[in-house]
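Novice: fold the following.
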Amino acid sequence: DDRSIADYFERTIATGADAKTAANWVMGDIAGYLNAEKLSIDDISLTPEGLGEMVNLITAGTISNKIGKDLLPTLLKKGGSPKAIVEEKGLVQISDPAAIEAIIDEVMAAHPDELAKYRAGKKKLQGFFVGKVMKQSGGRADPKLTNQLLGKKLNG
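Specialist: Below is the predicted model of the structure:
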């Protein structure tokens, strides 16, 4: 609809970013920010190349979508390299099964009552455990892997 947004999107995917993911960011979070702040796409500090870099970090599994959403306000206002910010702030997603399992073990040990209730049939408590693992990891544990490993350990 808006030529400058179309140009921004085209420049973003020219960086090798996944088109669907980039479109979701441009039409979702970025458009929401532009509307809320009454700005045009030309007014933000996040370059198409910067968005492409962030989309690539997400699709590679280096960061989660949630970490991307946490970075977005800073990138929109100040710009910069998403990769450099991720490295500087230590936001790289934890994708090592052994590291996630260690966190799961700690969380399960710290919540014996909830574990007993889960094993007695309250399966909805898996969400409680996922939340605790994510909190313990600072939101950095790979959510999909966390759910898989947690399912095995809770039912084991």
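
Novice: how about the secondary structure of the residue nearest to K66 when sequence neighbours are not counted?
Specialist: Distances taken as CB to CB, 6 or more residues apart in numbering put G139 closest to K66, at 5.9 Å, once the chain neighbours are dropped. Where you see a C-beta, it was placed from the backbone N, CA and C, and this is true even at glycine. Secondary structure, DSSP: H, G, I helix; E, B strand; the rest coil: G139 is coil.

Novice: what's near enough to touch G139?
Specialist: G139 makes contacts with S64, K66, I67, D70, as judged by CB atoms under 8 Å, 6 or more residues apart in numbering.

Novice: pick the one among these closest to G28.
Specialist: K66 (13.7 Å; CB to CB).

Novice: tell me which element the closest one falls in.
Specialist: Element membership for K66, per DSSP states H and E: helix 65-78.

Novice: got the contact list for the helix or strand just after that helix?
Specialist: On the C-terminal side of helix 65-78, the nearest following helix or strand under DSSP H and E is helix 82-89. With contact meaning CB under 8 Å, 6+ apart, helix 82-89 is reached by 50, 53-54, 57, 62-63, 67-68, 71, 74-75, 91-92.
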